[in-house]
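K.L.:
next comes the sequence, and after it the predicted model I'd like to discuss.
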Amino acid sequence: MSNYHIKHLEEYYQVYRKSVANPELFWEEIAEEHFMWRRKWDKILSWDFSKPSIKWFEGAQLNITENCIDRHLLARGNKTAILFEPNDPKEKAQHITYNELHKKVCKFANVLKNKGIVKGDRVCIYLPMIPELAIAVLACARIGAIHSVVFAGFSSTALASRINDSECKMVITSDGSYRGTKTIDLKGIVDEALKECSCVKTVLVVKRINSNIIMEEGRDYLLQPELDQAPTICKAEIMNAEDALFILYTSGSTGQPKGMVHTTAGYLVYTAYTFKNVFQYREEDVYWCTADIGWITGHSYIVYGPLANGATTVMFEGVPSYPNFGRFWDIVEKHKVTQFYTAPTAIRALAKEGLTHLEKYDLSSLKVLGTVGEPINEEAWHWYDDNVGKKKAPIVDTWWQTETGGIMITPIPYATPTKPTYATLPFPGVQPALINENGEEIKENQVDGRLCIKFPWPSMARTIWGNHQRYKDTYFSAFENKYFTGDGALRDEVGYYRITGRVDDVIIVSGHNLGTAPIEDAINEHPAVAESAIVGFPHDIKGNALYGYVTLKEAGEGRNHDNLRKEINQIITEQIGPIAKLDKIQFTSGLPKTRSGKIMRRILRKIAHKDTSNLGDISTLLNPEVVNDIMNNTV
Ligand code: PRX
């Protein structure tokens with residue numbers, strides 16, 4: 001029996017059982033049958049979570065772009081690989097075939113080489129959702145350079161810290177980007193960032209909006225003239241299975257963002273296999289994931305997973321509201337999209353607009369709907385099911401993380417009966433565990449606990465760039481011999497999982513992970529601010545929004561609060577990006593602290609949630625009097 005394509009529930013259980021009984025054999029069979037190896041492995045898996053050290057397919061050699069492009073050329077060279085839908089619906093969509101993609105990636109890879117990039121170098125990619133973004137990613141992989149894509153909504157400060165953390169030698173950017181009616185000066189942001197980055201020797205600039213940009217001689221090059229001179233063939237660098245493929249930064253609850261490192265073979269095998277099954281992908285399908293390639297969802301399920309299966313993957317440059325809230329449905333109809341994968345925050349924003357836009361379009365091509373990034377509420381789930389899928393396209397609520405590389409808990413559409421707000425069952429090869437307060441695994445059903453994974457899977461991140469100790473401390477120290485996800489979950493009577501949300505100080509706003517510490521650090525830089533604490537509170541569209549409690553220095557007292565609020569959000573925008581702006585800012589006389597000086601966020605969270613009936617024991621606080629003051633002055 002081939003395990004590669006699961007089509008019904010019994011088959012799922014059979015495959016799942018096999019994947020747990022003998023994981024090595026299970027993954028070996030999948031790896032053996034479906035990929036292009038330059039050399040086969042000596043050992044499928046070696047692991048030790050106490051170090052932690054995880055190695056898959058050791059000894060194997062491959063190049064991921066040969067798997068994503070070259071091997072499709074014979075069978076589907078003229079098939080569309082990337083279908084680019086521009087921001088402006090009047091601009092023509094672009095169909096890039098596998099043949100063309102091959103040429104474009106090779107040329108781009110040759111430009112990288114020409115500019116001195118070699119295997120192992122880090123290249124930062126700061127681009128909008130245009131084909132060059134996917135091509136740049138693949139070009140790096142072609143020559144073994146490690147890409148570090150930074151979402152093009154991050155500020156220059158956030159960009160600079162990511163470039164410096166992984167010492168990137170090159171930045172690939174564009175003159176600017178389109179987002180709805182706006183243009184954004186990306187090159188200006190890069191120039192600003194690079195004042196702080198001595199490691200960057202070269203900047204490649206894609207022309208997208210034809211704006212006037214300043215080019216620094218000897219450092220900045222327009223991409224097109226370089227491509228024009230580059231040969232169309234570029235031999236793929238042969239990589240070891242465990243060579244780093246990319247770094248992608250994700251927020252932690254404290255400190256700087258963590259550069260999660262993903263390696264080559266395991267990531268390829270897992271993203272390809274999950275893509276095939278979670279989206280029930282078939283050859284003639286047109287698959288669309290609305291994420292940005294700046295996030296893991298875009299890496300795994302716009303670029304690598306779909307292309308490894310020879311799929312047609314849609315890349316959309318714009319926003320759901322431009323030129324109006326019918327845009328997503330217009331694209332579905334126009335390109336006859338079969339799988340549509342988006343985030344709960346987008347679903348809620350679209351649901352709020354009612355059905356007038358949606359009803360104008362033919363959505364009958366849709367076979368599978370996906371959601372990812374945060375818990376989906378029941379109302380949004382039903383709206384999606386009723387109106388977009390017309391109850392005929394199953395919803396896959398896919399739970400996973402930047403760190404996991406691929407989808408971990410999910411229904412298999414047309415096999416797993418769905419249940420609103422439940423991510424349902426672990427994907428084959430994934431062994432979840434719920435852990436109670438005493439650190440013990442809870443075996444029975446109908447319980448909740450902290451979600452851990454107790455056995456390695458091929459696409460797990462291997463380390464944090466430059467800080468293996470932090471990797472160990474964050475993920476492998478809470479519970480012995482288990483990967484701790486940072487999420488809470490409950491398991492129902494049939495073993496379905498429902499993710500209840502973060503149990504640490506990470507807050508998910510519109511599907512974006514935001515750590516509280518960097519935002520607080522930014523606020524505290526305001527000269528009038530003494531101290532601050534951020535918590536999340538429920539928001540109709542964003543899922544969570546940010547609530548900031550800010551204590552002013554003496555010098556700040558008497559200043560106009562509205563002006564201060566604007567200035568604080570301006571600092572956050574500059575330091576992190578507009579996604580981290582606070583919805584509410586309350587000025588307080590103090591923050592509730594424990595006797596050891598720790599801010600009691602639990603209390604602040606309850607107040608922001610307007611749930612003050614039971615604040616728990618506050619007698620241990622150093623300054624219990626501030627609690628009343630805060631409660632009486634909420635915004
Ligand atoms: O809390 C979980 C939430 O998003 C976190 C991971 O965020 P990030 O690394 O940015 O990756 C997002 C895209 C994979 C998780 O720890 N999360 C993700 N998917 C779901 C979810 N929460 C509930 N349901 C989901 N389907």
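P.N.:
The structure has been received and is ready for your questions.
K.L.:
domain parsing for this protein?
P.N.:
Here the domain assignment for the chain is 2-319+398-489, 510-631, based on automatic domain parsing.
K.L.:
show me what from the chain comes close to the ligand.
P.N.:
Taking CB under 6 Å from any ligand atom as the contact definition, the chain meets the ligand at 250, 296-297, 372-375, 397-402, 423, 485-487, 499, 502, 508, 513. No exception for glycine: its C-beta is placed from N, CA and C like everyone else's.
K.L.:
can you name the residues that contact the closest residue to the ligand within the stretch 301-450 of the chain?
P.N.:
The minimum distance from the stretch 301-450 of the chain to the ligand, using CB to the nearest ligand atom, falls at Thr402 (3.4 Å). Thr402 is in contact with Leu248, Thr250, Met260, Trp295, Ile296, Ala461, Asn513, counting by CB atoms under 8 Å, 6 or more residues apart in numbering.
K.L.:
quick revisit: can you list the domains of the chain in a markdown table and add distance to Glu359 and mean pLDDT?
P.N.:
Output for the domains of the chain, formatted as a markdown table (distance: least, CB to CB, whole Å; pLDDT from 0 to 100):
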| stretch | distance to Glu359 | mean pLDDT |
| --- | --- | --- |
| domain 2-319+398-489 | 18 | 97 |
| domain 510-631 | 21 | 91 |
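K.L.:
out of these, deepest packed?
P.N.:
Greatest average neighbour count among the domains of the chain goes to domain 2-319+398-489 (a mean of 20), per mean count of other CB atoms under 10 Å.
K.L.:
report the distance from the helix or strand hosting Asn628 to the chain centre.
P.N.:
If you go by DSSP states H and E, Asn628 is part of helix 625-632. Helix 625-632 sits 38 Å away from the centroid of its parent chain (CA atoms, centre = their mean, to the nearest Å).
K.L.:
can you check stretch 566-582 too?
P.N.:
How far stretch 566-582 lies from its chain's middle: 21 Å, per CA atoms, centre = their mean.
K.L.:
ok, for whichever residue of the stretch 51-200 of the chain sits closest to the ligand, nearest residue in space, not its chain neighbours?
P.N.:
Going by CB to the nearest ligand atom, the ligand is nearest to Phe151 of the stretch 51-200 of the chain, at 10.4 Å. Leaving aside its chain neighbours, Phe151 sits nearest to Gly294 (2.9 Å; criterion: CB to CB, 6 or more residues apart in numbering).
K.L.:
what strand or helix carries that neighbour?
P.N.:
Counting by DSSP H and E, no helix or strand carries Gly294.
K.L.:
give the contact list for it.
P.N.:
Taking CB under 8 Å, 6+ apart as the criterion, Gly294 is in contact with Val149, Val150, Phe151, Ala152, Gly153, Phe154.
K.L.:
follow-up on the earlier one: from the residues of the chain next to the ligand, which ones fall inside helices?
P.N.:
Judged by DSSP state H, the subset of those located in helices is Ile296, Thr297.
K.L.:
now the residue sitting furthest away from the middle of the chain: how far from Lys606?
P.N.:
Most distant residue from the mean C-alpha position of the chain: Gly558, 41.8 Å away (CA atoms, centre = their mean). For Gly558, the distance to Lys606 equals 30 Å [CB to CB, to the nearest Å].
K.L.:
where's the residue nearest to Tyr249 when sequence neighbours are not counted relative to Thr297, distance?
P.N.:
Distances taken as CB to CB, 6+ apart put Pro257 closest to Tyr249, at 4.1 Å, once the chain neighbours are dropped. For Pro257, the distance to Thr297 equals 17 Å [CB to CB].
K.L.:
and the longest helix anywhere in the chain, what does it pack onto?
P.N.:
The residue-count maximum for a helix in the chain (DSSP H) belongs to helix 98-114. Helix 98-114 is packed against helix 73-76, strand 80-85, helix 131-143, helix 223-229, with contacts defined by 3 or more CB pairs under 8 Å, 6 or more residues apart in numbering; DSSP states H and E.
K.L.:
list the contacts of the spatially closest residue to Glu353 that is not a sequence neighbour.
P.N.:
Nearest non-adjacent residue to Glu353, counting by CB to CB, 6+ apart: Phe325, 4.2 Å away. Neighbouring residues of Phe325 by CB under 8 Å, 6+ apart: Ala349, Leu350, Glu353, His357.
K.L.:
now stretch 559-575: how far from the chain's centre is it?
P.N.:
Relative to its parent chain, stretch 559-575 has a centroid offset of 28 Å by CA atoms, centre = their mean.
K.L.:
got the contact list for that stretch?
P.N.:
Stretch 559-575 is touched from outside by 155-158, 518-519, 521-523, 525-526, 528-529, 548, 550, 552, 556, 580-582, 585, 587, with contacts defined as CB under 8 Å, 6+ apart.
K.L.:
now do stretch 120-128
P.N.:
112, 117, 133, 136-137, 140, 144-150, 152, 159, 162-163, 166-174, 177-179, 184, 186, 189-190, 200, 206, 208, 243-244, 247, 317.
K.L.:
right, I'll leave it there.
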